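Trainee: give me a 3D structure for the following:
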Amino acid sequence: MNNRRIIITEEAENDISDIEEYIAQDNVNAAKEFVIKLKRSFINLSLYPRLGKNRTEFSGDDKILFLPVMTNYLIVYTIINNDVHIVRVLTKYQNICAIL
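Mentor: Residues are numbered from 1 along each chain as shown. Down below sits the predicted model:
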């Protein structure tokens, strides 16, 4: 049985909220669907935490993993004490290197 927790940092919560608000400007239903799909991705990470790839060229940290989701988004996370810590949720339009 999986006892791995998903821990979402305040920065990631802010990212999710910002993205949801941006999408809602054009389509409230699409914004809600974004959050649902993102939560499903978090559940998948709790089951398969090594889905993401290490991209040291973005973060310089080999413990940070990156999982692309829904074409335009990137979940940035790490595994600490068997728990998945969501560090950020970014869009492909952001300067990832500057943010991390």
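
Trainee: switch to C-alpha atoms for all contacts and neighbour counts from now on
Mentor: Noted.

Trainee: sec struct for Ile7, please.
Mentor: Here Ile7 is strand, with the state taken from DSSP: H, G, I helix; E, B strand; the rest coil.

Trainee: show me the contacts for the closest residue to it other than its chain neighbours.
Mentor: The spatially closest residue to Ile7, leaving aside those adjacent along the chain, is His85, at 4.7 Å (CA to CA, 6 or more residues apart in numbering). Listed by CA atoms under 8 Å, 6 or more residues apart in numbering, the contact partners of His85 are Ile6, Ile7, Ile8, Thr9, Tyr77, Thr78, Ile79.

Trainee: most neighbours of all those, which one?
Mentor: Tyr77 (26 neighbours; other CA atoms under 10 Å).

Trainee: ok, what's across the strand from that residue?
Mentor: Beta bridges link Tyr77 to Leu65, Ile86, judged by DSSP bridges.

Trainee: list the contacts for it?
Mentor: So Tyr77 contacts Ile64, Leu65, Phe66, Val84, His85, Ile86, Val87, Arg88 (CA under 8 Å, 6+ apart).
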